[in-house]
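A.B. asks: what's the 3D shape of this:
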Amino acid sequence: MKKLILAAILAITITVLNVNVADAVVDPLASQNNKFGIHILFPSEIDDASRLVNSTGGDWGYVTIPIQAGDRDLEKWQKFMDKAASLHLIPIIRLATAGDYFQTKFWQKPTEEDVVDFANFLNSLDWPIKNRYIVVFNEPNRNDEWGGSSSPQEYAQILDFAASAFKSRNQDFFIISAGLDNAAQNSKESINEYTFLKRMSDENPNIFSAIDGFASHAYPNPGFSQSPRSNSLTGVASFRYERDMIYGLSGRILPVFITETGWSKNKISDNVSASFYKDAFTNVWSDNGIVAVTPFLFSAQAEPFLQFSFLDKNNNPNEEYKSFQAIPKNKGQPALPGKLLVQDNQNLQEENLTKKRFLHEDSSNVSTIYASELNIIKSFMKWLFRN
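C.D. replies: Sure thing, here's the model as predicted:
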């Protein structure tokens with residue numbers, strides 16, 4: 001009898017010690033992938049976004065969406081994840097601090113406490129696929145995106161901390177470095193992206209070994225208006241130079257996530273930008289190292305973003321939308337998290353939201369919880385061997 005009890009206790013101990021342990025991330029390019037995606041600002045846009053990125057034969061396309069530090073609403077974001085699962089969309093979550101998408105002068109500089117809160121909250125959600133894609137903030141080579149003063153050293157530190165914080169909670173988190181402004185110059189307001197990457201590596205030579213992929217803002221610069229055939233450092237092929245530089249600094253060829261790109265309709269006509277999208281996907285973004293391309297932006301009814309929107313002022317699809325929608329797409333086959341989805345003829349069985357929980361805790365509280373659980377086991381073990 002003691003042996004049976006002992007076996008049960010050992011099983012419980014293993015379970016406690018592995019509460020948040022999961023297999024490592026999987027290579028998103030190892031199976032068939034639908035790289036088409038779109039950048040949205042609000043969860044309510046997900047239904048309309050799915051009709052675009054999963055069009056013309058596509059399945060399991062991508063959607064990039066920011067989450068702000070003050071927006072940790074469990075019910076709201078779990079509904080978003082459940083909807084993504086039912087629509088076969090792969091979320092790429094970009095961390096953001098406090099600010100306003102349309103009026104902010106600068107975004108607050110993130111802290112380690114912000115990162116811990118994000119890691120705890122996002123780990124409390126059920127995700128639609130195994131890989132949990134996280135982009136760690138946005139364009140930190142611009143002063144206005146980094147609390148008024150860009151710092152590659154600080155960004156390297158927070159990125160390394162984020163990789164550790166998220167992966168300590170679940171190894172399925174796929175950590176992606178922030179997209180950089182590919183047109184930024186070394187000035188009082190910004191740092192050139194290649195200078196920025198080098199200084200990140202100088203601060204932490206292992207920084208690009210700590211992450212799983214990198215985001216690229218492969219805009220057609222200068223002026224958001226250049227031909228996709230332009231092979232410049234600041235064009236839609238800028239991801240190649242970024243990838244090569246990261247390889248030179250780390251010896252790693254990281255997967256590419258083009259989370260922002262797009263042509264300005266203030267500079268070129270809607271018809272021209274529509275043809276540019278087809279050209280770019282055919283001749284530039286056909287690169288085998290690209291996981292996702294999510295142009296910015298699905299919808300904006302006002303400037304400064306209306307010039308990039310796939311919908312017009314009346315919320316109708318424009319020529320860019322129609323061109324993007326018409327391009328043939330793959331049926332993606334991402335690895336799924338077995339514990340989340342029970343699929344029968346593509347029907348989703350959802351868990352009851354009341355069964356989910358979110359612990360707003362720092363790492364010391366996590367350690368305290370585990371220590372308490374282990375002390376209970378130790379006490380029981382002592383009792384067992386005394387009898």
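
A.B. asks: now the helices for this structure?
C.D. replies: In the chain, the helices defined using DSSP state H lie at 2-17, 46-53, 74-87, 112-123, 152-169, 193-203, 238-250, 270-283, 319-326, 363-386.

A.B. asks: list the contacts of the closest residue to L122 other than its chain neighbours.
C.D. replies: The shortest distance from L122 to any non-neighbouring residue, by Cβ to Cβ, 6 or more residues apart in numbering, is to I93 (6.6 Å). C-beta coordinates here come from the backbone N, C-alpha and C atoms, glycine included. By Cβ atoms under 8 Å, 6 or more residues apart in numbering, the contact set of I93 is I65, P66, I67, L122, R132, Y133, I134, V135.

A.B. asks: what residue ranges in the stretch 201-350 of the chain score low on pLDDT?
C.D. replies: 339-350 (pLDDT under 70).

A.B. asks: could you pull out the strands for it?
C.D. replies: For the stretch 201-350 of the chain, applying DSSP state E, counting those that start in this stretch gives strands covering 213-217, 256-260, 290-293, 343-344, 347-348.

A.B. asks: next, the angle helix 238-250 makes with the second one.
C.D. replies: So the one you mean is strand 256-260. 130 degrees (axes from the mean of the first three to the mean of the last three Cα atoms, to 10 degrees).

A.B. asks: gap between the residue nearest to L122 and T261?
C.D. replies: Separation of I93 from T261 (Cβ to Cβ, to the nearest Å): 19 Å.

A.B. asks: now do the buried residues in stretch 167-187.
C.D. replies: For stretch 167-187, a neighbour-count test (16 or more other Cβ atoms under 10 Å) marks 167, 169-170, 172-184 as buried.

A.B. asks: let's see which of these end up in strands.
C.D. replies: Mapping the buried residues of stretch 167-187 onto strands (DSSP state E) picks out F173, F174, I175, I176, S177.

A.B. asks: residue contacts, the second one?
C.D. replies: Meaning F174. V25, P28, N131, R132, Y133, I134, D212, G213.

A.B. asks: for A184, what are its contacts?
C.D. replies: Going by Cβ under 8 Å, 6+ apart, A184 touches E139, N141, R142, S190, I191, N192, E193.

A.B. asks: sorry, wrong one. I was asking about Q157.
C.D. replies: By Cβ under 8 Å, 6+ apart, Q157 lies in contact with E203, N204.

A.B. asks: same deal with S216?
C.D. replies: S216 makes contact with G179, L180, N182, S238, F239, E242, V256, F257, I258, T259 under the criterion Cβ under 8 Å, 6+ apart.

A.B. asks: change it to 7 Å
C.D. replies: G179, S238, F239, E242, V256, F257, I258 (Cβ atoms under 7 Å, 6 or more residues apart in numbering).

A.B. asks: which residues does the residue lying closest to the fourth one once chain neighbours are set aside form a beta bridge with?
C.D. replies: Nearest in space to E242, with sequence neighbours left out and distances taken as Cβ to Cβ, 6+ apart, is S216 at 5.6 Å. Using DSSP bridges, the beta-bridge partners of S216 come out as I258.

A.B. asks: give me the distance between S216 and V284.
C.D. replies: From S216 to V284 the distance is 12 Å (Cβ to Cβ).

A.B. asks: pretty sure I158 is touching K109, no?
C.D. replies: No. The pair I158 and K109 does not pass the contact test of Cβ atoms under 7 Å, sitting 8.7 Å apart.

A.B. asks: more neighbours, those two?
C.D. replies: I158 (23 against 19; other Cβ atoms under 10 Å).

A.B. asks: pretty sure A237 sits against S286.
C.D. replies: No. A237 lies out of contact with S286 (Cβ under 7 Å); the separation is 11.2 Å.

A.B. asks: more neighbours: those two, which one.
C.D. replies: Neighbours were counted for A237 and for S286 using other Cβ under 10 Å; A237 has more, 22 against 10.

A.B. asks: for the more buried one, give me its contacts.
C.D. replies: A218, N231, V284.
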